[in-house]
Each structure stands twice: as C-alpha cells, then as structure tokens.
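Q: output the structure for:
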Amino acid sequence: MARVAGICGVILAAGASTRMGRDKALLPWPPVAEGVPAVNTFLGATIDLLQPYCDLVLVVAGQNAECLQPIADAHGAFLVVNPKPERGQFSSIQTGLREVLNRGRDAAFLALVDRPPALPGTVKTLRAAFLDAKTDVWAAVPEVTRDGTAVHGHPILIGREMMEQFLRAPATAIARDIEHEHQRHILYVPVADERIAANIDTAEDYQRLLRAETIPAETAF
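A: Numbering: from 1, shown residues only. Have a look, this model is predicted:
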C-alpha cells in the first residue's frame, strides 16, 4: 500500500562559497548567451523545480540571509536561518528538518544549491518511487551510471525515520555516514540525469558546466 506523506523541499544555501568567490545560490541559471541578462539563479531555479512536488519549499540560509530573502520571496519559498552556519552543512540540514517537522510534514526533499537543479523528471521519479515503496524504506536517493559505476547524488527524499536519525546526530556529523549506517532502508533510484552529481565548487567548475550544458532547464524525461 502506498504511503501518504506531506513533503517539504529543503534547499541548503547557507554556505560561504569561499572557493567560488561569490554566493553559489546567486549564480545565473539556466545558461544564457554572453551579454544576455540572466532570467534565474541556482536558488530560484531549484525552488521552481521542487514546488510542483512539495507542499512548500524552505531555503536554509546563513549570513547570506539578507541576499537570499528576495529570491525566496519572489519564488514563493520560506527562508529559515541557520544561526551558526560555520558548524557546517549538517547543521543546516538539522535546521531545515526541524522546520519541516514544525510545519507538520513527514518527508523532505534535500537539495543542494551549489549545483544546477536536477531535471523535473528526476524529482517526479524519486517522489513516485518513495511514495510507492514499502514502509521500511526511509529514503530515496538518485543514482546515475558513469563508466559502469553507480554515482549517487541530490536531491534525496527522506522520510520521518531518516529525519529523526539526522536530528539525533551531533551538528558535526556527516549525512553520508548516517545514510550508510542505515543503507538497508535506502532505495537507490536510477535516473538519466547527470546534474544530480554535478559539484560546482569554483568559477572554473561553473564555466565548464555552462560550456557542457545542452539540456534546457525545463526538460523532463
């Protein structure tokens, strides 16, 4: 029997982006020709991606909250502030998940703002797989095959059981380690979407992404 879940989108956007030299949440997306004004950003596009599949979308900000608030407002998302983002990304996960539970939802898409948004078909596939899974599945994680090897990425969709595991851990924990501890409860979902594992850490990474990107942001599969 399919489960029923209220789902929040949680976008982790509190990082300092020191290697990039500018806030990655504000990077223009989708790619536009040189000299053409950007129509969106990594953050705005990720909010737009998640909204059709979620009850609401939360953006976890840090010291950049003032810069991100107008984007969250313009795209119909809610801003949540991590008071101590210097503790690391896991503390932002916990900040977002507490708000998910406070708002009475049972599941959450966790998305990273430091990469291009996944294709809509990926989010749709993850949501369907999670909702149709047995109750011992606590999370659905996308995977793409590269050179015969499965690579896992984001966004991931986690249920209340995995949320509770994250919230019980110290703020210095690593999400991947907790997921591995409970791997028997994770459903890995194959997708045809290279964006799920595209880490953008530097300006050079971003330029390579723009040169390589050929799939329109609105494309679904």
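
Q: and the contacts of the longest strand seen in the chain?
A: Taking DSSP state E as the criterion, the chain has its longest strand at strand 139-146. The set of residues that contact strand 139-146 without belonging to it, under C-beta atoms under 8 Å, 6 or more residues apart in numbering, is 118, 122, 125-127, 129-130, 133, 150-159, 162, 179, 185-194, 196-197. Glycine gets a C-beta too; all of them are placed from N, C-alpha and C.

Q: start to end distance for stretch 52-61?
A: Stretch 52-61 stretches 22 Å from its first residue to its last (C-alpha to C-alpha, to the nearest Å).

Q: what comes into contact with that stretch?
A: The set of residues external to stretch 52-61 that reach it, using C-beta under 8 Å, 6+ apart, is 6-14, 43, 47, 50-51, 68-69, 71-72, 75-82, 92-93, 95-96, 99-100, 103, 105, 109, 120, 123-124, 127.

Q: narrow those to those in helices?
A: When the contacts of stretch 52-61 are checked against helices using DSSP state H, the ones located there are 43, 47, 50, 68-69, 71-72, 92-93, 95-96, 99-100, 120, 123-124, 127.

Q: still on that earlier bit, may I see the buried residues of the longest strand of the chain?
A: Buried residues in strand 139-146, counting neighbours by 16 or more other C-beta atoms under 10 Å, are found at 139-144.

Q: tell me the first helix or strand C-terminal of it.
A: Past strand 139-146, heading to the C-terminal end, the next element that is a helix or strand (DSSP states H and E) is strand 149-152.
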